[in-house]
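S.K.: Fold the following.
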Amino acid sequence: ACESFTKHSYLVKNVEDIPRVFKEAFHIATTGRPGPVLIDVPYDIQRAQVEEFIYPEKAEIIGYKPRTKGHSMQIKKAAKLLESAKRPVICCGGGVVSAGARDEMIAFAKKTGIPVVATMMGLGVIPMDNDHYIGMIGSHGKSYANRMMNEADVIVLCGARVGDRAIPNPKGVKASIIHIDIDPAEIGKNVNAHIPIVGDVKSVLREFTKEIEACPCDEWLKKVQAAKKEAPLRGEPRTDFVEPRAFMRDLSAMMEDDAILTADVGQNQIWAANNFNTKEGRFLTSGGMGTMGYALPAAIGAKLAKPKRQVVAVCGDGSFQMSMCELATANQNQVPLKLVVMRNKFLGMVKELQ
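M.R.: A predicted model of the protein is given here:
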């Protein structure tokens, strides 16, 4: 039942295997492409005693060797293709966030002069006010960012799985694709990759930046920057009630540079994604999974992990009701965080779209 969303699963049949299984499970979950590992412990094993619990020093798993270094010939090929591109685009996905490759991504964009768009899971790698950053793509993204993806002649997909929320019709993409991902199963799954590069996006981007010279795309960059500048600012402040998009921009301006924002699901999530400038902090969201009630428990976890940082959760009134009992957890553990509830008395996105 769990196969579709777990990276690996274990069924413990012998109680003596528990130390090894846990060591291996954590190793698999945190290396390569991070992902959940299921450990199924049957009732008889739960009741059994471990004679001597020895936690192994290292996890030795035959056949599990995630590739982190990108193939140098593929990187050279990709650099050559980009150097001849007239309308290149870098698409920053959630893999860049998982790899902690923010500095590498900014350095790559700066050296090449290529504009950058992000999927919702790739938000916060490049600040919104950065010259190279254009906006979020997808069904709830910026229209000019989506248009730019359609007009591009080369797209560099970095840790993006090309879900239908980001690119509704992957088969209709006309550009040449350079796809960088640590998980080979993601490359070519939804969109054909002309140059696949399997590896950790952090080390691949570092090599790529060394290999490549600036691209001849100044005109293109100016064109897309102008489109971003000229786009009408949606959500003018109002006097009769709080305009949520204007509110998100004001909240963003007031928060510290390394602050963490957690977004729930629905309209509030899209308002946050399109209007909150993450600067040097983190934007935590469940993406397109529709996990209502995510923001509050995620904010508690973020604050416990980074107690010195400012943490704010933005919830819809529907999502908030799904997990408001977690206020007790926050209170019990004395977790100081700010909570914003967007109260419109509807499941906003359901009402808007249906």
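S.K.: what's around residue 42, how many residues?
M.R.: For residue 42, the count of nearby residues is 11 (other CB atoms under 10 Å). For every residue, glycine as well, the C-beta is placed using N, CA and C.
S.K.: Ramachandran coordinates for residue 296?
M.R.: Backbone torsions of residue 296, given as degrees, to the nearest 10, read phi -70, psi -50.
S.K.: OK, contacts around it?
M.R.: Counting by CB atoms under 8 Å, 6 or more residues apart in numbering, residue 296 touches 262, 264, 313, 315, 320, 323-324, 326-327, 330, 339.
S.K.: Out of these, give me the two with the largest separation.
M.R.: 264 and 330 (15.3 Å; CB to CB).
S.K.: Between the two, tell me which one has more neighbours.
M.R.: Neighbours around residue 264 and residue 330, counted as other CB under 10 Å, are more numerous at residue 264. The numbers are 31 against 19.
S.K.: how near is that one to residue 289?
M.R.: From residue 264 across to residue 289, the span is 12 Å (CB to CB, to the nearest Å).
S.K.: where do the strands sit along the protein?
M.R.: 8-11, 37-40, 88-92, 116-118, 133-136, 154-158, 176-181, 195-198, 260-263, 282-284, 311-316, 338-342 (DSSP state E).
S.K.: out of these, nearest to residue 244?
M.R.: Comparing the strands of the chain by CB to CB, strand 338-342 comes nearest, at 5.9 Å.
S.K.: Flag the shaky bits of the chain, pLDDT-wise.
M.R.: Counting by pLDDT under 70, the chain has no low-confidence residues at all.
S.K.: From the geometric centre of it, which residue sits farthest away?
M.R.: Centroid-distance maximum for the chain: residue 51 at 42.9 Å, with CA atoms, centre = their mean.
S.K.: just checking, it touches residue 16?
M.R.: Yes. Shown here, residue 51 and residue 16 form a contact pair, counting by CB atoms under 8 Å, at 7.1 Å.
S.K.: Could you list the residues in contact with stretch 228-246?
M.R.: So stretch 228-246 is in contact with 134-135, 142-144, 249, 267-268, 271, 274-275, 342, going by CB under 8 Å, 6+ apart.
S.K.: cutoff 6 Å now
M.R.: 134, 144, 271, 275, 342 (CB atoms under 6 Å, 6 or more residues apart in numbering).
S.K.: Distance check, the third one against residue 163.
M.R.: This means residue 271. 20 Å.
S.K.: returning to what we had before: with distance to residue 167 and mean neighbour count as extra columns, can I get the strands of the chain in JSON lines?
M.R.: Below are the strands of the chain laid out as JSON lines (distance: least, CB to CB, whole Å; neighbours: other CB atoms under 10 Å):
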{"stretch": "strand 8-11", "distance to residue 167": "28", "mean neighbour count": "15"}
{"stretch": "strand 37-40", "distance to residue 167": "29", "mean neighbour count": "15"}
{"stretch": "strand 88-92", "distance to residue 167": "9", "mean neighbour count": "27"}
{"stretch": "strand 116-118", "distance to residue 167": "11", "mean neighbour count": "28"}
{"stretch": "strand 133-136", "distance to residue 167": "12", "mean neighbour count": "24"}
{"stretch": "strand 154-158", "distance to residue 167": "9", "mean neighbour count": "29"}
{"stretch": "strand 176-181", "distance to residue 167": "11", "mean neighbour count": "25"}
{"stretch": "strand 195-198", "distance to residue 167": "17", "mean neighbour count": "22"}
{"stretch": "strand 260-263", "distance to residue 167": "21", "mean neighbour count": "28"}
{"stretch": "strand 282-284", "distance to residue 167": "20", "mean neighbour count": "20"}
{"stretch": "strand 311-316", "distance to residue 167": "26", "mean neighbour count": "27"}
{"stretch": "strand 338-342", "distance to residue 167": "28", "mean neighbour count": "18"}
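S.K.: Thanks a lot, see you next time.
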